[in-house]
Structure formats: structure tokens, C-alpha cells
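1. Mind folding the following:
(2 chains, ligands or ions: 2)
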Amino acid sequence: MNYLSVRHLTVRLKGGGLLLRDVSLEVAAGEVRGLVGESGAGKSMIGKAILGILPRAVEITGGQIVLDGTDLLTLPPAQRRIRIGATCALIPQDPLTALNPSHRIGRQITDRLVDILGWSRMGAEARALELLADVQITAPEHVLRQYPHELSGGMRQRILIASAFAAEPKLIIADEPTTALDVTVQKQILKLIAGLQAKHGTALLFVTHDLGVVSKVCQSLSVLYAGKVVEDTTIRRFFAGPAHPYSAALLAATPKYTDPTAGLNPVPEAVLAAVRAEVEHG
Amino acid sequence: MTLLRTILLRLITTAVTLFGVAVIVFVVVRVVPGNPIAMMLPPGATQVDIDRLTAFYGLDKSIAQQFLIWGAGVLHGDFGTSITSRQPVLALVLGRLPATLELSVLALAMAVLMGGAAALTGTRLRGTRVEGGIDIAGGMALSIPDFLWGLILILLFGVLVPVFQISGRVTPSLKLPFSSNFYLVESLARLRFDLTRDLLSHMFLPALALAIPLTAIIAQLLKQSLKETMHLDYVTLARTQGYSEARVIWRQALPNAILPTLTLVGVQFTFLIGGTVIIERMFSYEGLGNMAIDAVINRDLPLIQGIVILFAVIFTGVNLLVDLTYAALNPRLRHG
Ligand SMILES: Nc1ncnc2c1ncn2[C@@H]1O[C@H](COP(=O)(O)OP(=O)(O)OP(=O)(O)O)[C@@H](O)[C@H]1O
Ligand SMILES: [Mg+2]
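-> Ligands and ions are numbered 1, 2, ... in the order given. All right, here's what the predicted structure looks like:
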């Protein structure tokens, strides 16, 4: 059964244009679904809609976000918030801004366990130590007492990953979790996320630009263009030959899968124009 | 180590500042017209009397000589003798200091509470009419200076609806069991809440007049930095964890948004203390400010000098306190 199923979701700028057009996507329990698309396509917007953190300027005008059988959009706000907090987690894009500079690392992992999920302080602290070990942080006791500015970007992203897995969530949304890191660290972080996801059997919606990452981590894939899902497929089928011309162009634009030594081929403007026309009128 | 050096450096600059202030006041009060001795003596005193008293207070010497004599005394804790009351300046000034400190700190506390509450409410209800109302009220509060607020409050709550006292520090007929001049603090410490109430009913209006402009400044600045903080990633992350809007503001945004406000509040607090001079006069409140005005009217040179030096010490002390608090609250500075 699908743990998350987004159905016909439409999001628009208040008094403006559509940002998401009739988006449907599903993530089964324990599955990793990739979400790709060019910058501005609306990938983050989907994640925000699911987690209930859409910007104020934006509103949902239709569709459902069904989480474990319940349409979140029908719940009263307070209930929705608590349900999301208890079952979902976000791994953010930029670890440098996602930790509160005023609080020690320990609090930032344990507070929500205690405040929202009703754990004991001691239980939460023990869990935090265990989690930091899981994300391969040495001297976790010391790190728990440190402030974010004392840690590197890679360390901070490890902490955010640990925090995301802290309460055994059923669904994690990772929004380009490695984009802000340097290349050597990116690989380690990816490995960590994939490892923890497999260990805990968490459903994962993985937002990325990088088809290379998709091929390594994901089982299924949604391709987004201008707020519309233009392809919803499995990884095997996608790399065997995408059905949609935009997907094909995207794949061709990624040198790794055709010829690793070749330069970057941008998606041809003709293809983009055709897809744009299709999305806007279809 | 760095903290120690910072404090040492501050002490040196403070000493230099105080010396500068002392020189300026000393010269200014002697250059402006008005002879304190002539004002003390009854009409019809002879020139001989005047000369004798002038010599007695050392006012016949040159300004430089007078300054050296006065400065030597100050270094021994002797600020001279008040010309009008013939009592040691230091004792007079320290006797009044608690009244002014209590009034200023009460005003500061009121401004922080009211301004903080307005900023938090405005942030929680941002984009609504309530936020608009808070902005308008803040603009009004700022466009009227503290002494005019004093007049308005006297008219409203002293005359029209007389619920508060508008004159003095405490009801004169009350027997005060206090051993210091920190009446408010002592009344609380001795659990004499009847006296606390009487003191507060005297202090409330002058404190409010002093607090209103600062309240508006705190409300505007804190709300602005809270709203900026609300867009940051860690705040969004806390939202996904199930925290309510109110808790997100209080726990995630406030600790970071408060820092820029703190610095400004420090500067503004010194202005507030300066405002006590007129406000104390207006409410016949027996503090330093009121004493300062009397001293100026009577050309009581030693007393004026003492009061000004004390105000300067308070100002630099407040600034030092703000810097230390800022360092203590900001984790990025705490570790050097
Ligand atoms: N706060 C906001 N107010 C109004 N419009 C917004 C806001 N945030 C994003 N948008 C618009 O919504 C659209 C989708 O943005 P979104 O951030 O989801 O893109 P994305 O696919 O995540 O891109 P990227 O790969 O750059 O992160 C964009 O056109 C963007 O301009
Ligand atoms: Mg994005």
C-alpha cells in the first residue's frame, strides 16, 4: 500500500498563476522515489505542501495529500501539524541555515522528541547519542554540547539526518540534501541517507537535480516540468528509455549515462518549448 | 582572557570619558552667568560678606586651580560640599540615586514587557489588522516625547480619572521602616506589600511616561527582526516537527531576533535615564533628576558636578552591561 499519495494537487500563487498543476505521485512504504526537474519546476513546493509549510503567498486550490490513509487537507490545522511532526521528517537542502544558531546541537535533536512526542528527557538524550553514532559522528557527547557555528557543513548535515530519523518517521522528504556540500562530502552523505533509509524501511521522497544520484538511490521517479508531472515511472524503465520527450532530453543532458567524458548538453530549446506548450494547454 | 582584556580596555576608556566629562562640566558651570554666592545671601549683604563666602568655597581661585583642588578631593571620595544645603555632595547624590534607579529600571521593565508583548503578538498575527494596529500605535507613541506623555498621563489618570498618584515618591504620612533609600526593593524584601502598592501608585505614571517611547522602539525593532527570522530554514524545520506557530516564535525565532534589539535597548535606556530629569520634576519625584534641576537653579556648582559625574558613571555602566549581556547571549561570541 502507498504510504503517501498525492492526488491531483493544485497549488497557485494567491492572485497569480499555477505553481503545481494536477500533481499526482505516490511513495510506497519503504520505497525511495526520486523527484527531478529543472530549477523552479516546483519540486520543493510539493515537499512543502506535504509537510504543511507552504509560503503564505501560496495556496492549495485542489487535490488530496493522503498520508497513511488520511487526507491531510481535511484535518484541522493543529491535528495536521502534530500528525506530520510524528510521522514525517525533512532533510533540508542547506545545513548551514537549517540549525538554530542559538541552541546547542543536543537540544535541537531532543527538544521535539520531548515536546511533541512526549519522550522523557533522558530517553531522548540516549537516542540522540545513538543517532549521532549512526551517522558516524565521533565523540557524540561532545558534539551534543556544541553550537552549529562550531561544526562544518558536512557535520551539520549528518546531524540533520540523525534528527530526521530520530523519531522513526514513516516518510522522509529530502530536498536536495547534498547540493550545498562539496563533492567529497556529497557521496558520504548520500550513502548515509540510503543506508539509514534501508535500515529503517522509511519511505523517502528524494528531490534532486542529479540523475546519477537517482540511479543509485531511487526505485521510482517522477519528472516534473513547470509544475506538472510529465513522467511517473520506475528507474529501470526510465533509464531503459524514457517515455516523455522532456525526460529523454533530460537524460541526454546528463553526460554520465551516455558518455562520461562528454560535456554537458543542455536540454534543447525546441524540446522545452514543446513541453511548455503541452503543460500549459493540456 | 579576552573578556578580561575587554573589561580592562573598557575601564580605561571609561576613566578617560569621565575625566573629559568632569572638565567640561567644571568649566561650563563656571562660565555661564549667575553667582551662587550672591543667590545664597539675603539681599543687602555687603561686598565683604560676598567676598568672604566666595573665598570660603574657593571660588576666588582660577578655574584650573579650582579643578585641581576638586579633582584631588574626588580621588579621595570627596566631591565637595553642596553650597545650598551645606552637606557633602557624595552623600546627597547617593541618597537620591536609589529613587532614580528604581524609577528607571521600573520604566525599562515596563517597556520591555509591553514592547516584547506587542512584538510577539504582531509577529503571531502578522498580516492582520492587529499588526496594523500595533504599527499605528507604535508610530503615535514615538511621535510624542516622554515629557508630553507625562503631561497627558497626569491629565488622564491624575486629574480626569484619578487612579494614580501624580506627586512625590510615597505618601508622606506613611511610616517607613526602611534602612536604605531603595524603598521599592526593600518593601518587597520586607514583604510590606502595602508600601509596595503605595510606592507603585506613585511611580506608575512617571515610569509609564518614560516607558512609552521605548516600548514603541522595542516593539518595532523586535517585530521586524522576528519577522525576518521567521523565514529562516531552522524555523521552517521546527514547523515540520509539529511545533505550533506560537512556540516556533518563542523558541526558535526569539532567541535570535532578540540580539539586535538588545543593543538598541541599551542605548535607549541611557536616553530614558536622561529623561528622568524632566519627568521627576513634573511628578515632584524626589530623585537625582529633580535634585539636578534645583542644583542648576541655585547654581550649586559642587552638586551639579557630582550629579553629572554620577549620570556619566551610570551611562557607561549601562553600556558595559549591555555589551556583556550581548556576549553572554550570543553563542558565537561566547567562545571568543
Ligand atoms: N515564497 C514564494 N512565493 C511565491 N512564489 C514562490 C515562492 N517560493 C517559490 N515560488 C515559486 O514557485 C515555483 C516553484 O518553486 P520551487 O522552489 O518548488 O522550485 P524547485 O523545483 O524546488 O526549484 P530548485 O531546483 O531551484 O529548488 C517557482 O516558480 C518559484 O518562483
Ligand atoms: Mg527546491
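2. tell me the contacts of residue B:195?
-> B:170, B:174, B:176, B:183, B:187 (Cβ atoms under 8 Å, 6 or more residues apart in numbering or on different chains). For glycine as for every other residue, the C-beta is placed from the backbone atoms N, C-alpha and C.
3. since we're on the fourth one, how many residues are nearby?
-> Which is residue B:183. If you count neighbours by other Cβ atoms under 10 Å in any protein chain shown, residue B:183 ends up with 22.
4. How about it, nearest residue that isn't a chain neighbour?
-> Excluding the flanking residues, the one nearest residue B:183 by Cβ to Cβ, 6 or more residues apart in numbering or on different chains is residue B:199, at 5.5 Å.
5. just checking, the one you found touches residue B:187?
-> Yes - at 6.1 Å, residue B:199 counts as touching residue B:187 under the criterion of Cβ atoms under 8 Å.
6. check whether stretch A:11-21 contacts chain B.
-> No - using Cβ under 8 Å from any Cβ of the partner chain, stretch A:11-21 stays clear of chain B, with a minimum separation of 11.5 Å.
7. hmm, who's touching that stretch?
-> So stretch A:11-21 is contacted by A:9-10, A:42, A:45-46, A:49, A:54, A:57-61, A:226-228, A:279 (Cβ under 8 Å, 6+ apart).
8. can you tell me which of those are in helices?
-> A:45, A:46, A:49, A:279 (DSSP state H).
9. most remote residue from chain B's center?
-> When distances are taken from the C-alpha mean of chain B, residue B:240 lies farthest, 43.8 Å away, according to Cα atoms, centre = their mean.
10. From residue A:171, how far out is it?
-> Using Cβ to Cβ, to the nearest Å, residue B:240 is found at 11 Å from residue A:171.
11. Which neighbours do the two have in common?
-> Residues touching both residue B:240 and residue A:171 by Cβ under 8 Å, 6+ apart: A:88, A:89.
12. about what we covered before: list, out of the contacts of stretch A:11-21, those positioned next to ligand 1.
-> A:42, A:45, A:57, A:58 (Cβ under 6 Å from any ligand atom).
13. Dead centre of the chain: give me the residue that sits there.
-> Defaulting to chain A. Short answer for chain A (Cα atoms, centre = their mean): residue A:174, at 2.5 Å.
14. wrong one, I was asking about chain B
-> Centre-nearest of chain B using Cα atoms, centre = their mean is residue B:273, 2.1 Å out.
15. How about the contacts made by that residue?
-> Shown in contact with residue B:273 (Cβ under 8 Å, 6+ apart): B:100, B:104, B:311, B:314, B:315, B:318.
16. Is it located within a helix, as I assumed?
-> Yes - membership of residue B:273 in a helix is supported by DSSP: H, G, I helix; E, B strand; the rest coil.
17. Assign a three-state SS to the residue in chain B that chain A sits nearest to, would you?
-> Closest contact between chain B and chain A, by Cβ to the nearest Cβ, is at residue B:242 (2.1 Å). Put simply, residue B:242 is coil when judged by three-state DSSP.
18. In the stretch 1-150 of chain B, where is pLDDT below threshold?
-> B:1 (pLDDT under 70).
19. ditto for chain A
-> For chain A, the ranges with pLDDT under 70 are A:255-266, A:282.
20. for ligand 1, what are the nearby residues on it?
-> Near ligand 1, when you scan chain A using Cβ under 6 Å from any ligand atom, you find A:13, A:19, A:37, A:39-45, A:55, A:57-58.
21. Identify the farthest-apart pair in these.
-> The most widely separated members of the residues of chain A next to ligand 1, counting by Cβ to Cβ, are A:37 and A:57 (20.9 Å).
22. These two - which one has more neighbours?
-> Neighbours were counted for residue A:37 and for residue A:57 using other Cβ under 10 Å; residue A:37 has more, 24 against 10.
23. Would you enumerate the residues in contact with the residue in chain A that chain B sits nearest to?
-> When scored by Cβ to the nearest Cβ, chain A has residue A:85 as its residue closest to chain B, at 2.1 Å. Residues near residue A:85 by Cβ under 8 Å, 6+ apart: A:112, A:116, A:117, B:240, B:241, B:242, B:243.
24. Give the next helix or strand downstream of the helix or strand that contains it.
-> For residue A:85, the element it lies in under DSSP states H and E is helix A:77-87. Proceeding N to C from helix A:77-87, the next assigned helix or strand is strand A:88-91, under DSSP H and E.
25. That next one near chain B anywhere?
-> Yes - contact of strand A:88-91 with chain B (Cβ under 8 Å from any Cβ) involves A:88, A:89, A:90.
26. the helices in the stretch 1-150 of chain A, which residues?
-> Counting by DSSP state H, counting those that start in this stretch, the segments of the stretch 1-150 of chain A that form helices are A:43-51, A:77-87, A:105-115, A:121-134, A:140-144.
27. Please disregard the earlier target; I meant the stretch 201-336 of chain B.
-> Using DSSP H, counting those that start in this stretch, the helices found in the stretch 201-336 of chain B span residues B:233-240, B:245-247, B:254-282, B:288-297, B:301-329, B:331-334.
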